[in-house]
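Asker: just to be clear, the model below is a prediction. Sequence and coordinates:
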Amino acid sequence: MIKDNQKVFNRLMVIADAAITAASFMSAYYFKFYILNNGPGIGVLPAIEYFRLLIFIVPVYVLMYYACSVYAPKRTVRRRFEIYGIVKANTIGIVVLIIILYMVVREINFSRSVMAIFYAFNVFFTSCFRILLRKGLRTIRSRGYNLKHILLVGYSRAAEEYIDRLTDNPQWGYAACGILDDHIPAGTLYKGVKVLGRLGNLEVILPENKLDEIAITLSLQDYHNLESIVGICEKSGVHTKFIPDYNSMIPSKPYTEDLMGLPVINIRYVPLTNTGNIFLKRAADIAGSLLGILITSPLMLVLALLVKLSSPGPVIFRQERVGLHNKPFYMYKFRSMEQQPPGEEKKAWTVKNDPRVTGIGRIMRRTSLDELPQLFNILKGDMSLVGPRPERPLFVEKFREEIPRYMVKHQVRPGLTGWAQVNGLRGDTSIRKRIEYDLYYIENWTVGFDIKIIFMTFFTGFINKNAY
């Protein structure tokens, strides 16, 4: 069974991590004194004094790995989260080592450089080992080995979506053995997974001890069975997970509150409602917009002149958009079309080969240079450097009725660039897909995520193939 093999695997992982930690520390000593220097020199503690520290270092680091969930199952966890756990454990470990060594026992003769090199080596070698191991295991699992066998209890949209993901990601190593349901006839297939029988068969199947996990995927109409099914699963000792049939209404990372023992799940967690996060993002927007205006001002002057010469009309085009908390504001752009009668531009998007677009306008649209005046919108506070793109009031009213959760995007400031835009969802592309990316950004916002999007904008986001 997988759960028995997992225990052996975890023990081997502990041994491997202990060996890598010891090897990294010894390598740090030799790197410092034999590669960076010509030997230890006078007054340097002998190697044996350093290596005695491993009696303390190795157990502490193994405990840190446990505390930082480095040994938790990683089948479906992204690589960066595993590396983050390793970095976190090593950071705590080196801080503990330094405090005890230099402040508690006051052994000041140990080289600080050796400790710094050890930290870098251990993070690097442990991360490389885990990446290679991950690739090896995923290859094995994609070929049908080392699989976890799962039984789905309940046929629902959640069950279908779960099977979809398992089918699309064979490297995770999950095999759905079947489904139990009271409403779908036995023998019904969904992507090769068969309905085996009714919910009552669970008590017959579990004692056979051939399952690694149970996934409760009941439809909403069967939730009255939930408590009894959980009770049966817990008695069996099989790992049980719950996949709600209302998953489309809750975020990927639910924000829960403990209300005197009553768990409360918030429908939407928006990090940018936190005062500290709001301050950080606004400060970054002010600094970034000022820097952007300073750097691009010569280019904006040239573009302004070209726009003025291209056709009669103003240089800057103002268009009403909907921003934070559904409040309208005027977004600035370089005018890229011939001047139109009042109200005409509100009726529709620009289409391919639109005759209204000027020559310089077509170039600006393709390269997103017409968006540069929005740096002043950011400085004013109407917009942010990163966020969902704002839409015109006419289309907001249209999409709020047609697309679920569309209005959630107005819980944050609209952005000059965004997660949807750097993933190619600009211009004439799927609005529904854009909203999916916008919601992901809103629910998973961090300063690091903003920096990533800004870098992606520089490398992939300026050229807009869908701009007309």
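Answerer: On my side now, so go ahead.
Asker: which pLDDT value goes with the residue nearest to Gly41 when sequence neighbours are not counted?
Answerer: Closest residue to Gly41 apart from its sequence neighbours, by CB to CB, 6 or more residues apart in numbering: Phe33 at 7.5 Å. (Glycine included, C-beta is placed from N, CA and C.) For Phe33, the model assigns a pLDDT of 87.
Asker: next one: Phe33 from Gly39, what distance?
Answerer: Distance of Phe33 to Gly39, given as CB to CB, to the nearest Å: 6 Å.
Asker: now do the shared contacts for those two.
Answerer: With CB atoms under 8 Å, 6 or more residues apart in numbering applied, the contact sets of Phe33 and Gly39 do not overlap.
Asker: that older thread, ok, the residue nearest to Gly41 - contacts?
Answerer: Phe33 neighbours (CB under 8 Å, 6+ apart): Gly39, Pro40, Gly41, Val44.
Asker: in those, which residue is surrounded by the most others?
Answerer: Neighbour counts for the contacts of Phe33, by other CB atoms under 10 Å, peak at Val44, which reaches 18 neighbours.
Asker: tell me if I'm right that that residue and Ser111 touch.
Answerer: Yes. Counting by CB atoms under 8 Å, Val44 touches Ser111, with 7.5 Å between them.
Asker: which residues touch the residue lying closest to Lys88 once chain neighbours are set aside?
Answerer: Closest residue to Lys88 apart from its sequence neighbours, by CB to CB, 6+ apart: Cys68 at 4.8 Å. For Cys68, the contact set (CB under 8 Å, 6+ apart) comprises Gly85, Ile86, Lys88, Ala89, Ile92.
Asker: nearest to Gly192 among those?
Answerer: Closest to Gly192 out of these is Gly85 (34.3 Å), distances taken as CB to CB.
Asker: any idea how far the closest one is from Trp172?
Answerer: As for Gly85, its distance to Trp172 is 18 Å (criterion: CB to CB).
Asker: more crowded one of those two?
Answerer: A count of neighbours by other CB under 10 Å puts Gly85 above the other of Gly85 and Trp172, at 21 against 18.
Asker: which residues sit in contact with the more buried one?
Answerer: Gly85 neighbours (CB under 8 Å, 6+ apart): Tyr65, Cys68, Ser69, Val70.
Asker: and the pLDDT for the second one?
Answerer: When you say that, I think you mean Cys68. So, for Cys68, pLDDT stands at 85.
Asker: give me the phi and psi for it.
Answerer: Backbone geometry at Cys68, expressed as degrees, to the nearest 10, gives phi -100, psi 20.
Asker: so where is the protein shaky, pLDDT-wise?
Answerer: Along the chain, the parts satisfying pLDDT under 70 run over 1-7, 43, 73-76, 209, 247-254, 267, 341-355, 427-428, 460-468.
Asker: going by residue numbers, what spans are strands in the stretch 1-150 of the chain?
Answerer: All strands of the stretch 1-150 of the chain, identified by DSSP state E, counting those that start in this stretch, fall at 148-153.
Asker: Throw the contacts of Cys68 into a markdown table and include distance to Leu199, thanks.
Answerer: Converted to a markdown table, these look like this (distance: CB to CB, whole Å):
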| residue | distance to Leu199 |
| --- | --- |
| Gly85 | 38 |
| Ile86 | 42 |
| Lys88 | 42 |
| Ala89 | 42 |
| Ile92 | 46 |
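Asker: and which of those is nearest Tyr61?
Answerer: After measuring the contacts of Cys68 against Tyr61 - CB to CB - the closest member comes out as Ala89, at 7.0 Å.
Asker: check contacts around that closest one.
Answerer: Per CB under 8 Å, 6+ apart, neighbours of Ala89: Tyr61, Met64, Tyr65, Ala67, Cys68, Val70.
Asker: got a winner among these for most neighbours?
Answerer: Tyr61 (28 neighbours).
Asker: does it touch Ile94 like I think?
Answerer: No. Taking contacts as CB under 8 Å, Tyr61 lies outside contact range of Ile94: 9.2 Å.
Asker: just the strands in the stretch 201-350 of the chain please.
Answerer: 213-216, 239-242, 255-259, 262-266, 316-322, 328-334.
Asker: hey, C-alpha coordinates of the first one in PDB?
Answerer: What follows is the C-alpha trace of strand 213-216 in PDB, where atoms were taken according to Å, rounded to 0.1, in the frame of the first residue of the first chain:
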ATOM      1  CA  GLU A 213      -7.900   8.000   0.000                       C
ATOM      2  CA  ILE A 214     -11.600   8.800   0.000                       C
ATOM      3  CA  ALA A 215     -12.800  11.900  -1.800                       C
ATOM      4  CA  ILE A 216     -16.300  13.000  -0.600                       C
END
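Asker: list the buried residues for stretch 212-222?
Answerer: Asp212, Glu213, Ile214, Ala215, Ile216, Thr217, Leu218, Ser219, Asp222 (16 or more other CB atoms under 10 Å).
Asker: oh sorry, the question was meant for stretch 323-334
Answerer: Neighbour-count burial for stretch 323-334 flags Gly323, Leu324, Phe329, Met331, Tyr332, Lys333, Phe334 (criterion: 16+ other CB under 10 Å).
Asker: which of those residues sit farthest apart?
Answerer: The widest separation within these (CB to CB) is 23.9 Å, between Leu324 and Phe334.
Asker: how about the strands in the stretch 351-468 of the chain?
Answerer: Remark: strands assigned in the stretch 351-468 of the chain by DSSP E, counting those that start in this stretch are 384-386, 415-417.
Asker: before we move on, the earlier item: name the nearest of the contacts of Phe33 relative to Lys380.
Answerer: Nearest member of those to Lys380, counting by CB to CB, is Val44, at 60.3 Å.
Asker: can you tell me the closest non-neighbouring residue to the closest one?
Answerer: Phe33 (6.7 Å).
Asker: and stretch 389-409, how far apart are its ends?
Answerer: End-to-end distance of stretch 389-409 (CA to CA, to the nearest Å): 9 Å.
Asker: list of residues touching that stretch?
Answerer: 248, 268, 319-323, 326, 328-329, 331, 346-347, 383, 388, 414-415, 418, 420-421, 426, 431-432, 434-435, 438-439, 442.
Asker: if any of those are buried, put those into a PyMOL selection.
Answerer: A single PyMOL command selects the buried members of the contacts of stretch 389-409 (16+ other CB under 10 Å):
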select buried, resi 268+321+322+323+329+331+383+388+414+415+418+420+421+426+431+434+435+438+439+442
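Asker: Gly261 is nearest to which of the strands of the stretch 351-468 of the chain?
Answerer: Per CB to CB, nearest to Gly261 of the strands of the stretch 351-468 of the chain: strand 384-386, 38.6 Å.
Asker: the closest one pairs with which strands, parallel or anti?
Answerer: Neighbouring strands of strand 384-386 in its sheet, by DSSP bridges, are strand 415-417 (parallel).
Asker: hmm, who's touching the partner strand?
Answerer: Strand 415-417 has contacts (CB under 8 Å, 6+ apart) with 371, 374-375, 377-378, 383-389, 453-454, 457, 461.
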